[in-house]
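Engineer: Structure for this input, please:
(one chain, ligands or ions: 2)
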Amino acid sequence: MLRTAVVKTSRPAFRLGLVAPCLAASPPCLRSAFLVVGTSAAPAARHLSTSSARSNDDLTSRSAIHAATEKHKQDLPGSSSSATSLITKQSHTVHTIPDTIQGDWVLFHPVYSKDEMTSVEVLHRVPTTFSDSLAHWLVKTARTIFDWVVGYKHIETPPTPDMTIEQLRKAGYLLTEKQWLDRILFLESIAGVPGMVAATLRHLTSLRLMRRDKGWIHTCLEEAENERMHLMTFMHIRKPGMFFRLLVLGAQGVFYNLFFLVYTVSPRSAHRFVGYLEEEAVVTYTRCIHDLEAGKIPEWTDFPAPEIAIDYWRLQPNAKLLDVIYAVRSDETTHRFVNHTLANLNSDTDVNPFALREPDMHVKGKTLGFERSESEEYVKESREIIEKHAHEVQAEVKV
Ligand SMILES: [Fe+2]
Ligand SMILES: [Fe+2]
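Structural biologist: Numbers count the residues shown, from 1 in each chain. Ligands and ions are numbered 1, 2, ... in the order given. Model (predicted):
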C-alpha cells in the first residue's frame, strides 16, 4: 500500500518516504493517508500522490483538479472526444468521474530534473550466455528489418556536407517528422506488451501457487503503463490511419503470444530480450534528440509538448516536445536498467529490488543494471531506510 501512495520519481528516497512523514503531519494529509491504507478510495490516493509530487500548489487547486479530470475523461469508454470516438463508436458521453476528484489514475508520475535527463548514455550489455546472444541477435535483426522496410539508413555524418535536409530525407539518411511519429507509435504499441505479459504471468503464478509475488508484479505493470503513456502522448500529435492500426493489430497479436510463450519457459531470457529492446529504444530517442537539437526536424523546433505529457511528467506549462522526448528517453533508460537487472536475478526466489525505490538517473543512465549481489545489497539498504523511517515516525507520534 505504501507503494501505491507514493510518486515514482528518479529521486531515490522520494518514493519511499512520503506516506510516513505524512501520517505525522496535517489532518487532511493524515486523512488521505488513511484513505490509501484503509479504504478503496483510489482517487484519493491519486490526489495524495499528485499533491506530493509537486512543491507548488497549483495541482491541488480546484480548477487544476477539474482541468486534469477533463483531460483524463478523454480516455473513458464512451468519451465523445475525437481521439476516442473513432475507436469506441459510441454516440453519447458518459461522465462517471465527479469533478471534485482528480482523474489522475496512472500508477505513478516519472519526474526528472534537467540534470538527470541529460545524464543518459547509450550503453550496451555484452551478451555472456547463449540465450543473451540470441536475445540480442533477435533485437538487432528486428531493428535492421524495420529500418530496411521504412528505408531508413542512419549515418552520423552525411556523404557530402552540403546536402540539404530535403536531400538527406530523400536519401533515407534523415526521417521526416511524420516518419519519426510512425516509427515511435509502432514501437511504443509493441513496447507496452512485455510488462503486461510478465505481470499477468506472475499474478497467475501467485494465484495458482497461493504464495506472494516478490514485488515484481508492480514494477512490470508500471513499465507497461509507462509505455502506454508514451503511445498516448505521441497519439496526440499524430492520429494513425486504418492501415497503420491494422499493422499494430497484427504485430500485437503475434508479439503478445510469442512473448507469453518465452516468458513461460524462461522469464530470465524474456527480461534480457526486453533489456536489449530498451537499449535500442534509448538509441532511437537519442538520435531523435540529436536531430531535433541540430535543427534537422524543423517542424518540431519549438513544437509545444502535448498537455497529456505535461501532466504525466509534471513538465513546465511551456514545455516543448524536445522536453517530452528527453523524458521518454529517461523512461526507456529505466526499462533498460530494470530489465537487465531482473534478467540477472532468479525469478522464483529473488526479491525485486525496485519494488520500493529505484536509483536515480545518474545511476540508471550510466550503468546497465544491478548484478545479483548488488541487487541483494540494494534490498538490504531499502529495508534499513524503511526501518529508520518507521522509527522516526513512531518517535514523532509519541511526541
Ligand atoms: Fe517507450
Ligand atoms: Fe521502454
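
Engineer: Poorly predicted segments of this structure, please.
Structural biologist: The chain contains residues with pLDDT under 70 at 1-103.

Engineer: who's in contact with residue 313?
Structural biologist: Counting by CB atoms under 8 Å, 6 or more residues apart in numbering, residue 313 touches 109, 110, 111, 112, 323, 324, 327. From N, CA and C alone the C-beta is placed, and that goes for glycine too.

Engineer: repeat that for 10 Å
Structural biologist: The contact partners of residue 313, by CB atoms under 10 Å, 6 or more residues apart in numbering, come to 109-112, 117, 229, 233, 305, 319, 323-324, 326-328, 330-331.

Engineer: So it versus residue 380, what's the distance?
Structural biologist: From residue 313 over to residue 380 the distance is 31 Å, taken as CB to CB, to the nearest Å.

Engineer: What strand or helix carries residue 180?
Structural biologist: Secondary-structure element containing residue 180, defined by DSSP states H and E: helix 177-191.

Engineer: Show me which residues of that helix are buried.
Structural biologist: The neighbour-count check on helix 177-191 (16 or more other CB atoms under 10 Å) flags 177, 179-191 as buried.

Engineer: What is the burial count for residue 232?
Structural biologist: 19 (other CB atoms under 10 Å).

Engineer: Secondary structure class of it, three-state.
Structural biologist: Counting by DSSP: H, G, I helix; E, B strand; the rest coil, the backbone at residue 232 sits in helix.

Engineer: Any figure for the gap between the nearest residue to it once chain neighbours are set aside and ligand 1?
Structural biologist: Excluding its sequence neighbours, the residue lying closest to residue 232 (CB to CB, 6 or more residues apart in numbering) is residue 308, at 5.9 Å. Going from residue 308 to ligand 1 by CB to the ion, to the nearest Å gives 14 Å.

Engineer: Ligand 2 contacts on the stretch 1-150 of the chain?
Structural biologist: Within the stretch 1-150 of the chain, no position lies close to ligand 2 (CB under 5 Å from the ion).

Engineer: Any idea which residue of the stretch 1-150 of the chain lies closest to ligand 2?
Structural biologist: residue 110 (11.6 Å; CB to the ion).

Engineer: And the helix holding residue 180, what does it pack against?
Structural biologist: helix 130-150, helix 216-235, helix 242-265, helix 267-293, helix 321-343 (3 or more CB pairs under 10 Å, 6 or more residues apart in numbering; DSSP states H and E).

Engineer: hey, which of those helices is tucked in deepest?
Structural biologist: With neighbours defined as mean count of other CB atoms under 10 Å, those peak in mean count at helix 321-343, which reaches a mean of 25.

Engineer: That one: what's the following helix or strand?
Structural biologist: helix 361-364.

Engineer: how about that following helix against ligand 2, any contact?
Structural biologist: No - judged by CB under 5 Å from the ion, helix 361-364 makes no contact with ligand 2; its nearest approach is 12.4 Å.

Engineer: Show residues contacting that helix.
Structural biologist: Against helix 361-364 from outside (CB under 10 Å, 6+ apart): 9-12, 110, 112-113, 115-120, 329-330, 333-338, 341, 358, 369-370.

Engineer: can you list the residues of the stretch 251-399 of the chain near ligand 2?
Structural biologist: 278, 281, 332, 335.

Engineer: As TSV, those with distance to residue 293 would be great.
Structural biologist: Formatted as TSV, those follow (distance: CB to CB, whole Å):
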residue	distance to residue 293
278	22
281	19
332	18
335	23
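
Engineer: Output the helices and strands packed on helix 177-191 in JSON lines; the columns should cover distance to residue 158.
Structural biologist: As requested, the helices and strands packed on helix 177-191 are arranged in JSON lines below (distance: least, CB to CB, whole Å):
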{"stretch": "helix 130-150", "distance to residue 158": "17"}
{"stretch": "helix 216-235", "distance to residue 158": "27"}
{"stretch": "helix 242-265", "distance to residue 158": "29"}
{"stretch": "helix 267-293", "distance to residue 158": "12"}
{"stretch": "helix 321-343", "distance to residue 158": "22"}
